[in-house]
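Novice: make a model of this:
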Amino acid sequence: MSEILPPAGTAPAEGLRERKRRETRQRIAETALRLFLAKGYEGTTLDAIAAEAGISRRTFFSYFKSKDDIILFGLDADWAMMIADLLKTSPDVPPLDAVRDVMVKRIARHTTEQMKAIDDLMLSSGSLLARKQTFYAKQEQALFNAMCEVWRQPERRPALRMVAMVSIGAMRVALQAWREQTGQRKSAAKFLRDAFDSLKSGL
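Specialist: Take a look at the predicted model:
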């Protein structure tokens, strides 16, 4: 969705700078992903990313510290949109159902080809794999914080913490099963929904 800008001359300078910075960061990330898919993760240098994005190497480091950060930036952005969807949930909906629905909706937006490409990139980098555990912990905490905003009763927090934990677990199990499947490939969204169904039936 395109942004609606105020009339020329009325936007504060800080707002314009922030928008330019956001657009530059997005351009770098999109350029890097294109190069990763074309040349491989290890075969893509920071200099190549900077040159292709039309910036200097020094400028690159004012946006990202490493190639790993570019991949994680994309994952963080996608997770932030999922959290935004969760915050719109009615508190009348059971928390586990709400989390399942927003997770499945978000993952269904990506094609199998897109997901496999990103997954292959993650698996090709030892440093990315090492950071994956920290990323899961951040996701769990963000999920718990969002649920506390929707279901505000303090006495529900222990249960919400458990929902956050098992939901991340269900996602990890689903993605592993999706990655290891053979034959005609099913979507990651189908694996994720099945994982939540198994979770609910096993409780």
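Novice: just the CA coordinates for the worst-scoring helix or strand of the chain on mean pLDDT, please, in CSV.
Specialist: Among the helices and strands of the chain, helix 112-124 carries the lowest confidence by mean pLDDT, DSSP states H and E, at a mean of 85. Extracted in CSV, the C-alpha atoms of helix 112-124 (Å, rounded to 0.1, in the frame of the first residue of the first chain):
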residue,chain,number,x,y,z
THR,A,112,6.4,-22.2,-1.5
GLU,A,113,9.2,-21.0,-3.8
GLN,A,114,9.8,-17.8,-1.8
MET,A,115,9.8,-19.7,1.5
LYS,A,116,12.1,-22.4,0.2
ALA,A,117,14.5,-19.8,-1.1
ILE,A,118,14.7,-18.1,2.2
ASP,A,119,15.0,-21.4,4.1
ASP,A,120,17.8,-22.5,1.8
LEU,A,121,19.7,-19.2,2.6
MET,A,122,19.2,-19.7,6.3
LEU,A,123,20.5,-23.3,6.1
SER,A,124,23.5,-22.2,4.0
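Novice: counting by contacts, list what whatever helix or strand residue 30 lives in packs against.
Specialist: Element membership for residue 30, per DSSP states H and E: helix 13-39. Judged by 3 or more CB pairs under 8 Å, 6 or more residues apart in numbering; DSSP states H and E, helix 13-39 is in contact with helix 46-53, helix 67-86, helix 112-124. All C-beta spots, glycine's among them, are computed from the backbone N, C-alpha and C.
Novice: how about the residue nearest to the spatial centre of the chain, what does it touch?
Specialist: By CA atoms, centre = their mean, the chain has its centre lying nearest to residue 75, at 2.8 Å. For residue 75, the contacting residues are residue 135, by CB atoms under 8 Å, 6 or more residues apart in numbering.
Novice: distance of it from residue 134?
Specialist: Computed as CB to CB, to the nearest Å, the residue 75 to residue 134 distance reads 12 Å.
Novice: check residue 143 too.
Specialist: Distance from residue 143 to residue 134, by CB to CB: 15 Å.
Novice: ok, the two, which is more surrounded?
Specialist: The neighbour comparison of residue 143 against residue 134 (other CB atoms under 10 Å) goes to residue 143, with 26 against 10.
Novice: is the more buried one in contact with residue 167, as I believe?
Specialist: Yes - proximity of residue 143 to residue 167 meets the contact threshold set by CB atoms under 8 Å, at 6.3 Å.
Novice: give the residues shared as contacts by those two.
Specialist: residue 99.
Novice: the least confident helix or strand of the chain - contacts with which helices or strands?
Specialist: Partner elements for helix 112-124 (3+ CB pairs under 8 Å, 6+ apart): helix 13-39, helix 67-86, helix 126-150, helix 157-180.
Novice: what about 10 Å?
Specialist: Under the contact definition 3 or more CB pairs under 10 Å, 6 or more residues apart in numbering; DSSP states H and E, helix 112-124 sits against helix 13-39, helix 67-86, helix 126-150, helix 157-180, helix 188-202.
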